[in-house]
Structure formats: C-alpha cells, structure tokens
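[1] Any chance you could fold what I've pasted below:
(4 chains)
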Number of protein chains: 2
Amino acid sequence: MTSTESTAPAQGDNAKTDAKPRVRDRIVDAASALFYQQGINCVGVDAIVCEAGTNKMSLYRNFGSKDELVVEYLAGREADNFAQWDEVTARYPDDPRRQIEALFAHIIAKGQSKSSSGCPSANAAIELRGTEHPGRQVVFDGRLRARRFMLERAEAAGAKSPEVLADALVLLLEGAVMSRLSYPEGEWPANNMDAVLKVMLDAQLGAAD
Amino acid sequence: MTSTESTAPAQGDNAKTDAKPRVRDRIVDAASALFYQQGINCVGVDAIVCEAGTNKMSLYRNFGSKDELVVEYLAGREADNFAQWDEVTARYPDDPRRQIEALFAHIIAKGQSKSSSGCPSANAAIELRGTEHPGRQVVFDGRLRARRFMLERAEAAGAKSPEVLADALVLLLEGAVMSRLSYPEGEWPANNMDAVLKVMLDAQLGAAD
DNA sequence: GGAGTGTGTGACCGGTCAGTAACATCCTAT
DNA sequence: ATAGGATGTTACTGACCGGTCACACACTCC
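    Got it, this is the predicted structure:
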C-alpha cells in the first residue's frame, strides 16, 4: 500500500545502486520527514524538493498535486506503524497482556525521543480539519483499525469488559501521543504510563505478574 | 485576563447598547469561532473581519498582528475552560470523586456536540508547532494547570497514588478531546468514558457508590 | 460648532505558494 | 551508437495573505 514500486519500468533489477534511489522515493522520504516535523500546512513544495535534492518538476511528474503526496505520506506512516505493532506483539504470542504492555512500552519509548512530534495521523486530522482532504479517510481507517487491534487483545486477555478496556487503551494511547505537543519539554504526563497501564490492566484482567 | 475591557475610554457607561458591541470584541468573537472551527492556519484576516462585519483596518488598529489575536483567542478559551471546571466542581464541595466524575461528564457532553472540534489549545499546539509562536506558552500553562487541578483532586480523594491517578485522568482527558477529530463521525471512543473512568477511580480510590 | 476619537472604504505592497511551460541533460536498454 | 524515458534548470503565472496608507464618515463630549 505504500507503493514503493511505481510506474518506473527501467533501471533493470538494480543490484546495488542504493546511493541514488528513485526520485519519487526521495521526494516521499523528504516530504514525510518535513510534514512530520513541521506540519503539513507549514511545508511548501519548494522545501520538499530542496530537501530531496531535486526540483518541482520531478515532483509534479510523479504526483498530481501536493494533496496526493500528503495521502501517500499518511498511508506510509500508517503502514509503518501497524507493521511495528505487529512486530512488537509477535514477540509474545498467546500472551495478550504482555502484548499490550510491550506495545505501550514501545510507543512511550518512541514518544520520549526528543525528535517526536506526536502522531502523524492525529496531527494531520487537526491540520486538515475543515477541508475535504482525502487524507482524512486514511486517518479514520487507521484509528478504527487501532481500536479493533485493542479490542482483539482485550478479548483474548479475558477482560471483564473488553469494550471498556479497549476504549480505555485507545484513549490512553491517544492522550499520550497527543500530549507530546501540548505539554512543555520534559513534562510529558505519559512518562508514568507504565503505572497507569498497570492499574487499568489489573482492574480489568485481575492483578497479575 | 480575557481583557474584555481595554483602552476604550468613551461610550459613557453604556446602559444597554448591546446591539453594536465594540469592534474589538466582535473581532475577537469572530476570530475565536473561526479559529476553533477551521483551524488557525486556515483562517485569514479577511475572513475574520468579514465575519465580524468590519474591515482589516479596525483589526490592525486593535491588534498589532494576527499572532496577537491568536494569543488573545487562546487565553480567552483557557479562561473560559477553567471557569467551567470551577463551576462544575463547585457543585460537589468536599467530594473530590464526584467532582472528577462531574468534570468528565461535562467534558464528554461538550465533546458529543456536533459542533465540537476538540480542544482549542491542543489543536493550536499542533498547528503552531515548529514555530516560536507566543500562543504556545498559553497552551503549556493551561496544560500544567490542568494537571495540577487533577492532582489536587486525586490527593483530596485519597488515591493510592495521586500522581498516577492524576496522570491517568489527564491522559484520558487528552485522549478524549483529541480523538474527536481523528475518529470518523459517530465512532468517538470517549462515548464509553464513564465506564472507563469508573474502572480507574474504583481501582485507585476503592469501589464506591 | 468644533475637537477628538472610533470606525469604514478601497487601493495597494511585498511575499509566498501551488502549479506549469519549454528546453536541456543524463542514463540505460537494445 | 542511438533512441527513449527519467531527471534537471529556469522562468513564469495566478492566486492568496498579512499588513499598510490615505482619506472619509460618524459620534460624543466640551
């Protein structure tokens, strides 16, 4: 779905030319970094092509508009994100409680990085509000998938009320990634997430460990 | 702090001329509504003065720049918000648990309104990221104050770990208001907040009611 | 009636931004 | 070697946006 491959027919099978990847990919990478760090509305196409070491014409030869590029950015981030979720939870097969704990630990650790700017999708949902931008549907799909993900784990873990636990996890996660930008440096309330999560899981699954 | 009064000396003491309030106030009201609904970056000064039924010169005679207007918008929203919190919690003096429950119920009810666009401050934090906009400090101050508010209630309620409960409440609240824009219409996970909150409060305060 | 103040009007400036045109160049497959 | 696709370069358009200027009108208080 990230469509790393594209309409490009040539370049043979490209044994090891990794020094100069396709322009299209460089543009997507540069745009992704800038959109995430500075916000979609604050990044112009000139900044993107400059960062990608190319020019505007190459951008518009590969994308019909900036909006199309935004959609690809969002879809790519969602795909990356869920790939990480799958990878992390796969470490604890048949132990849904540990899967949840590991997932939260992973997300908090990512958020503690100084370069974190919260959740790309949620930021986009806010930046694109009031418009009919096609990227909004990408965000919605990802959110619903996340809730399904949590609900499956809550059911597998035998929660007293899987829906309540799933919503609690979703809300805590949303709160964690969003508060990254609304609290000043070093005051992130999600730093205590492991304790918060333990209270919630103990209450819904019975005290464990 | 909303500074509804200003440098205006004249207009007598203005018995009942409410049909035509000061231009400055009309501008702030119009800007607040537009900023909240459509986002700060998506609203131009032309749209603001048009909505306020005035012109650009009147705006720039009262505000040095659009940024100053944004700061006033944010400060006003924060003031309104905490005034509501105080009012709601004042209904249950000496019952911190009910204060928390009432506060959450109030916020969820507000969020369920079709016209809700989440939290003005958090939205601004995202829209203004990457800049050194003076409005960011307003957001930070409000967030820290909110956490203090929760911590006081958690302590007064006798939580097993007031810090953990306060962070949990803050994260749930942040998640609730933010997910307003990242979930599609009618799928708001905070609709089950009362059940989620009960689990958390029972765990930290002991089962009650 | 005047002075002072608040307000309205329209034109304008400089900058930025998304998107396009025309032409030059490089690389690769055959 | 050469043809064709991919890429680079420069300049440009048209729209929008934040902000300013000069001037005219309205109201109130003395």
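
[2] What are the buried residues along the longest helix along chain A?
    Using DSSP state H, we find that the single longest helix of chain A is helix A:66-90. Buried residues in helix A:66-90, counting neighbours by 16 or more other C-beta atoms under 10 Å in any protein chain shown, are found at A:66, A:69-78, A:81, A:85, A:88-89. For the C-beta atoms, the positions are set from N, CA and C on the backbone; glycine is no exception.

[3] Check those one by one and keep those near DNA strand C.
    For DNA strand C, the contacts drawn from those by C-beta under 7 Å from any atom of the strand are A:Lys66.

[4] Let me know the closest of the buried residues of helix A:66-90 to B:Leu197.
    A:Trp85 (26.1 Å; C-beta to C-beta).

[5] just checking, next helix/strand downstream of the longest helix of chain A?
    Note on helix A:66-90: by DSSP states H and E, the next helix or strand toward the C-terminus is helix A:96-112.

[6] what packs against the longest helix of chain A?
    In terms of contacts (3 or more C-beta pairs under 8 Å, 6 or more residues apart in numbering or on different chains; DSSP states H and E), helix A:66-90 is packed against helix A:23-38, helix A:96-112, helix A:120-127, helix A:135-156.

[7] and if we set it to 10 Å?
    Applying 3 or more C-beta pairs under 10 Å, 6 or more residues apart in numbering or on different chains; DSSP states H and E, one finds that helix A:66-90 contacts helix A:23-38, helix A:45-51, helix A:56-62, helix A:96-112, helix A:120-127, helix A:135-156.

[8] residues of stretch A:113-132 that come out buried?
    Buried, per 16+ other C-beta under 10 Å, within stretch A:113-132: A:116-129.

[9] Specify which member of the buried residues of helix A:66-90 is nearest to A:Gln204.
    A:Thr89 (17.9 Å).

[10] per-residue confidence at the closest residue to that closest one other than its chain neighbours?
    Distances taken as C-beta to C-beta, 6 or more residues apart in numbering or on different chains put A:Gln99 closest to A:Thr89, at 4.1 Å, once the chain neighbours are dropped. Model confidence at A:Gln99, given as pLDDT, is 98.

[11] how close does A:Gln99 sit to DNA strand D?
    41 Å (C-beta to the nearest atom of the strand, to the nearest Å).

[12] right, and that residue touches A:Arg153 too?
    Yes: at 5.7 Å, A:Gln99 and A:Arg153 qualify as touching, with contact defined as C-beta atoms under 10 Å.

[13] how distant is the longest helix of chain A from the center of its chain?
    Taking C-alpha atoms, centre = their mean, to the nearest Å, one finds the center of helix A:66-90 at 6 Å from the center of the full chain.

[14] wait, does that helix make contact with DNA strand D?
    No: judged by C-beta under 7 Å from any atom of the strand, helix A:66-90 stays clear of DNA strand D, getting no closer than 12.3 Å.

[15] Between helix A:96-112 and that helix, find me the angle.
    When axes from the mean of the first three to the mean of the last three C-alpha atoms, to 10 degrees is applied, the directions of helix A:66-90 and helix A:96-112 differ by 130 degrees.

[16] Would you map out the domains in chain A?
    A:21-64, A:72-205 (automatic domain parsing).

[17] Out of those domains, which is the most enclosed?
    Among the domains of chain A, domain A:72-205 has the highest mean neighbour count (mean count of other C-beta atoms under 10 Å in any protein chain shown), at a mean of 19.

[18] Next, the distance between the ends of that one.
    39 Å (C-alpha to C-alpha, to the nearest Å).

[19] what's near enough to touch the residue nearest to A:Arg77 when sequence neighbours are not counted?
    Closest residue in space to A:Arg77, ignoring its immediate chain neighbours: A:Pro120 at 4.4 Å, by C-beta to C-beta, 6+ apart. By C-beta atoms under 10 Å, 6 or more residues apart in numbering or on different chains, the contact set of A:Pro120 is A:32, A:35-36, A:40, A:73-74, A:76-78, A:80-81, A:139, A:142, A:177.

[20] cool, A:Cys119 as well?
    A:Cys119 neighbours (C-beta under 10 Å, 6+ apart): A:36, A:77, A:81, A:107, A:111, A:125, A:139, A:142-143, A:173-174, A:176-178, A:180-181, B:126, B:178, B:182.

[21] Can you pull out the low-pLDDT segments for chain A?
    Where chain A drops to pLDDT under 70, the residues are A:1-20, A:208-209.

[22] hmm, 90 instead?
    A:1-22, A:130-132, A:185-186, A:207-209 (pLDDT under 90).

[23] Can you tell me how far the nearest residue to A:Glu78 once chain neighbours are set aside is from B:Tyr60?
    Distance criterion C-beta to C-beta, 6+ apart; nearest residue to A:Glu78, sequence neighbours excluded, is A:Gly142 at 4.3 Å. Per C-beta to C-beta, to the nearest Å, A:Gly142 is found 42 Å from B:Tyr60.

[24] ok, now how distant is the nearest residue to A:Asn81 once chain neighbours are set aside from B:Cys119?
    The shortest distance from A:Asn81 to any non-neighbouring residue, by C-beta to C-beta, 6+ apart, is to A:Gly142 (7.3 Å). Separation of A:Gly142 from B:Cys119 (C-beta to C-beta): 21 Å.

[25] show me the contacts for A:Pro93.
    Neighbouring residues of A:Pro93 by C-beta under 10 Å, 6+ apart: A:Gln99.

[26] With A:Gln84 instead?
    Contacts for A:Gln84 (C-beta under 10 Å, 6+ apart) come out as A:Leu103, A:His106, A:Ile107, A:Lys110.

[27] From those residues, pick the one nearest B:Gly206.
    A:Leu103 (29.2 Å).

[28] So the closest one versus A:Gly130, what's the distance?
    For A:Leu103 relative to A:Gly130 (C-beta to C-beta), the value is 32 Å.
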